[in-house]
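Asks: sequence and computational prediction follow.
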Amino acid sequence: MDNGQIPGSGTEQDAHASGTNPFLAPILQRAAANPDSLFAVYHEEGVWSAVTLERLVRRALQFVTLYRTLGAAPGETILLILRHGLDGHAAFLGGMLAGLIPSYLPYPNARHDHTLYWAQHRAVLALRRPAVVLVYDELHQAILALAEGTRIAVAPLSAVDRHDPAALPPALAGADSVGLLQHSSGTTGLKKGVALSYGAIARQLAAYRDALRFDGAEARIASWLPLYHDMGLISSFLLPLWVGAPIISIDPFTWVSAPALFLDAIHEYRATHAWLPNFAFLHLARRVRDPETWDLRSLRALISCSEPCKPEAFDAFLARFQASGIEPHMLQTCYAMAETVFAVSQSNPGAPPRRVRVDRKAIEQLGRLGVPDTAEDAVTLLSNGRPIAGCAVRILRAGAFVGEHEIGEICVSARYMFSGYHENPEATAASFHGTWYRTGDLGFLSGGEVFIVGRLKDIIIVNGKNIFAHDVEAAVSRIPGVKPGRSVAFGRFSQRIGSEELIVVAERAGEPRDDGRVMAEINRAVVEEVGVPCSDVRLVAVGWLVKTTSGKVSRADNATRYTAPPGPTA
Amino acid sequence: MTEDQAYELLNRIFADVFGRGDIVLEPALTARDVVGWDSFRQVEIIMAIEEALGFRFTSREIDGLQNVGDLAKVMLSRANAATGGKPASHAP
């Protein structure tokens, strides 16, 4: 069926005009009214190719047929392990149109140990019990083996080519239905699925669109972000799809080795917005060397998000790309999380985010901000702007909310809060203080603007990737020469990479072994477990690690001890 | 350029990038084997090689690098090529 029309458009389409699904209905209305509008331009094999909205929807409807053929029923979960490209987007939209709950999972990183990768995915399959797992063809056999003995249908991506597009469903899932799951990091069954309703998604997108003064008619999004991360999924797929802004899309792996492609995308397609983690500003500033220049004047906002935004990264980017038309007001900040769909706060478009100098001691002691006594005591922070409409932020310390300029845990209440962690009411309940979601991030409010200073939760963010300290420690404990359970992993901000770096301290045990060999084995195990190398591994004598009163190894205390001058027992 | 010269240069570059001289370079050595060899250091290594030898790695060459032996092979082939490398265009 290839008559150039979306099946079921026309009278059925009209029914959707009054549809109750606030996310899907506007997209389908636009696809019927402006089928030739541009959905995306993909960079594949060195070539840029354009895809219209009609082609996206028609391809999505082929996936609807495939999912139905595989026996998936509305309300069931489907997991997508797909590479960059039209099918990555269409398979997700098709899942939504079929009333299913789609979720992206990461594909194997070349650096991962594949045995561990599959063990982790076996745990996710057992936990989620998806109706369908759709994978790119090269992974099909491996995932089939994982799903053996279960009722999960595993399909290779190429299977979709054998199916005609379905007609548009007569009814879409309602506003309160769960529209998608976002999976947290974590390499074991600890992965949590953040369930988001269509109502929450649409309310967030409307609020964020307004905060950005985003005009779907002229906005164009450039992106190399992976879709299994909330920043890529929401900012650079669902938001542009919903408002009608084209996406200029680059494969994440291609971008890492050829970062200038991102600048090509902005230059060539006059992109207006893009989201990047902090490290990417430095990566671009350093990897893309003078004297090459681009015309980047089309940018309205290049938004730093998903790891703490650092002034040094903005300054380096500005210095490198001023000659390409970058101005200070284009560099923006956003504080976001999957639990509120995406944005909590956004800096004011058109003006550089505010910078404040605060006393480092206040941050370390979680106290009230003060004026630094000396330059060494001062740390400059970038504002993440005010909470966007429909969202409120409060600061919690010692069980009570505190006022402005007091540091504590950031808590959020929003009209677009998640529906809970999928089938995990205990984890959901544990993450709230009354009606306020506890983010695990530390920060303060100043003039109503949100500033982030650190984290309570044991998550290390390396180049935008969330890593759980306990996953790293579990990998380290398996190495001969390390005392099991006597290692600690933590993050430390590095000016070198513009992100946190991963530090491991482990106590020696057993037969003496060559330290260099043990450290290399630890590094290998950590890379294979979480896909990120250690920036430093320190082996210490038994008894070096500080324990809490309950006998657990304390990450915070040992991070402090690590940075202190080496003691006699090290 | 000979293989020995390539490894001599790599030894100097690694000592400079990592700030230590105890890394024993051999063809099978990978980023996993060296604490601190992250993507930023990879970029620094590549840029230092490009600077020293006056050519630019292509994306395909960078994608194909699995270990130190691969790095040395690209260095040898590029340094010994008659025409040398051409800077990448920034237009898509």
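Replies: That came in fine, so what should we check first? Predicted model, so just to flag it, every value in this text is computed and none were measured. Numbers count the residues shown, from 1 in each chain, chains lettered A, B, ... in the order given.
Asks: from now on I want contacts and neighbour counts done on CA atoms only, so please keep to that.
Replies: Fine.
Asks: quick one: terminal-to-terminal distance for stretch B:19-31?
Replies: Stretch B:19-31 has an end-to-end distance of 16 Å (C-alpha to C-alpha, to the nearest Å).
Asks: list the buried ones in that stretch?
Replies: B:25, B:29, B:30, B:31 (16 or more other C-alpha atoms under 10 Å in any protein chain shown).
Asks: reformat those residues as CSV; add pLDDT, distance to chain A and secondary structure.
Replies: Listed next are the buried residues of stretch B:19-31 as CSV, based on pLDDT from 0 to 100; distance: C-alpha to the nearest C-alpha, whole Å; DSSP: H, G, I helix; E, B strand; the rest coil:
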residue, pLDDT, distance to chain A, secondary structure
B:25, 94, 14, coil
B:29, 94, 11, coil
B:30, 91, 10, coil
B:31, 89, 8, helix
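Asks: tell me which two of those sit farthest apart.
Replies: Largest separation among the buried residues of stretch B:19-31 by C-alpha to C-alpha: B:25 and B:31, giving 11.2 Å.
Asks: need the contact list for the residue of chain B found nearest chain A.
Replies: Going by C-alpha to the nearest C-alpha, chain A is nearest to residue B:36 of chain B, at 4.0 Å. Counting by C-alpha atoms under 8 Å, 6 or more residues apart in numbering or on different chains, residue B:36 touches A:533, A:534, A:535, A:536, B:18.
Asks: as a markdown table, those with secondary structure, distance to residue A:217 and neighbour count would be great.
Replies: Below are these laid out as a markdown table (DSSP: H, G, I helix; E, B strand; the rest coil; distance: C-alpha to C-alpha, whole Å; neighbours: other C-alpha atoms under 10 Å in any protein chain shown):
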| residue | secondary structure | distance to residue A:217 | neighbour count |
| --- | --- | --- | --- |
| A:533 | coil | 43 | 28 |
| A:534 | coil | 45 | 26 |
| A:535 | coil | 45 | 19 |
| A:536 | strand | 48 | 17 |
| B:18 | helix | 49 | 17 |
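Asks: closest one of these to residue A:38?
Replies: The closest of the contacts of residue B:36, once distances to residue A:38 are taken by C-alpha to C-alpha, is residue A:533, at 39.6 Å.
Asks: does that closest one really touch residue A:502, like I thought?
Replies: Yes - with contact defined as C-alpha atoms under 8 Å, residue A:533 counts as touching residue A:502 (7.2 Å).
Asks: over to the residue nearest to residue A:562 when sequence neighbours are not counted. Which of the three states is it?
Replies: Leaving aside its chain neighbours, residue A:562 sits nearest to residue A:505 (7.9 Å; criterion: C-alpha to C-alpha, 6 or more residues apart in numbering or on different chains). Here residue A:505 is recorded as strand under DSSP: H, G, I helix; E, B strand; the rest coil.
Asks: count of neighbours near residue A:505?
Replies: By other C-alpha atoms under 10 Å in any protein chain shown, 23 other residues sit near residue A:505.
Asks: what's the following helix or strand after the one helix or strand residue A:118 maps to?
Replies: Per DSSP states H and E, residue A:118 falls inside helix A:114-128. Note on helix A:114-128: by DSSP H and E, the next helix or strand toward the C-terminus is strand A:132-135.
Asks: what is the mean pLDDT for that next one?
Replies: For strand A:132-135, the mean pLDDT works out to 95.
Asks: report all helices and strands that that strand contacts.
Replies: Counting by 3 or more C-alpha pairs under 8 Å, 6 or more residues apart in numbering or on different chains; DSSP states H and E, the packing neighbours recorded for strand A:132-135 are strand A:77-81, strand A:153-156.
Asks: what strands flank the longest one, and is each parallel or antiparallel?
Replies: Each strand pairing with strand A:77-81, determined using DSSP bridges, is listed with its direction: strand A:101-104 (parallel), strand A:132-135 (parallel).
Asks: next one: the first one to chain centre, how far?
Replies: By that I understand strand A:101-104. 14 Å (C-alpha atoms, centre = their mean, to the nearest Å).
Asks: how about the CA coordinates for that strand, as CSV?
Replies: Taking Å, rounded to 0.1, in the frame of the first residue of the first chain, the C-alpha atoms of strand A:101-104 are listed here in CSV:
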residue,chain,number,x,y,z
ILE,A,101,3.7,1.5,25.9
PRO,A,102,7.0,1.9,24.1
SER,A,103,10.4,2.3,25.7
TYR,A,104,13.9,2.6,24.2
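Asks: what's in contact with that strand?
Replies: A:75-82, A:92, A:95-96, A:178-183, A:227-228.
Asks: if we can go back for a sec, what does the pLDDT read for the residue of chain B closest to chain A?
Replies: So, for residue B:36, pLDDT stands at 91.
Asks: and residue A:116, by the same measure?
Replies: 64.
Asks: same check, this time on the one 5 residues further on
Replies: Residue A:121 is assigned a predicted lDDT (pLDDT) of 75.
Asks: that older thread, export the helices and strands packed on strand A:132-135 to TSV and tack on distance to residue A:24?
Replies: Below are the helices and strands packed on strand A:132-135 laid out as TSV (distance: least, C-alpha to C-alpha, whole Å):
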stretch	distance to residue A:24
strand A:77-81	18
strand A:153-156	25
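Asks: winner for burial among those strands?
Replies: strand A:77-81 (a mean of 24; mean count of other C-alpha atoms under 10 Å in any protein chain shown).
Asks: could you point out which element follows it?
Replies: Counting by DSSP H and E, the next helix or strand C-terminal to strand A:77-81 is helix A:86-97.
Asks: so for that following helix, mean pLDDT?
Replies: Helix A:86-97 shows a mean pLDDT of 98.
Asks: tell me where the stretch 251-400 of chain A has helices.
Replies: A:252-257, A:260-269, A:278-287, A:311-321, A:360-364 (DSSP state H, counting those that start in this stretch).
Asks: would you list those helices in JSON lines and tack on distance to residue A:370, mean neighbour count and mean pLDDT?
Replies: Formatted as JSON lines, the helices of the stretch 251-400 of chain A follow (distance: least, C-alpha to C-alpha, whole Å; neighbours: other C-alpha atoms under 10 Å in any protein chain shown; pLDDT from 0 to 100):
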{"stretch": "helix A:252-257", "distance to residue A:370": "40", "mean neighbour count": "18", "mean pLDDT": "83"}
{"stretch": "helix A:260-269", "distance to residue A:370": "40", "mean neighbour count": "21", "mean pLDDT": "96"}
{"stretch": "helix A:278-287", "distance to residue A:370": "26", "mean neighbour count": "22", "mean pLDDT": "86"}
{"stretch": "helix A:311-321", "distance to residue A:370": "20", "mean neighbour count": "19", "mean pLDDT": "94"}
{"stretch": "helix A:360-364", "distance to residue A:370": "7", "mean neighbour count": "17", "mean pLDDT": "77"}
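Asks: spell out which parts of chain A neighbour chain B.
Replies: Counting by C-alpha under 8 Å from any C-alpha of the partner chain, the residues of chain A close to chain B are A:46-48, A:257-258, A:260-261, A:264-265, A:268, A:283, A:287, A:292, A:294, A:497, A:519-521, A:523-524, A:527, A:532-537.
Asks: for chain B, what's the nearest residue on chain A?
Replies: For chain A, C-alpha to the nearest C-alpha, closest residue to chain B: residue A:535, 4.0 Å.
Asks: what about that residue, distance to residue B:37?
Replies: Relative to residue B:37, and taking C-alpha to C-alpha, residue A:535 is found at 7 Å.
Asks: kindly report the same for residue A:28.
Replies: The spacing between residue A:28 and residue B:37, counted by C-alpha to C-alpha, is 47 Å.
Asks: any low-confidence regions in the chain?
Replies: All of this is about chain A. A:1-19, A:109-116, A:184-191, A:457, A:548-551, A:565-570 (pLDDT under 70).
Asks: not quite, I wanted chain B
Replies: In chain B, residues with pLDDT under 70: B:59, B:82-92.
Asks: please redo it, this time with the cut-off set to 90
Replies: Applying pLDDT under 90 to chain B flags residues B:1, B:19-22, B:31-32, B:38-44, B:46-47, B:50-51, B:54-66, B:78-92.
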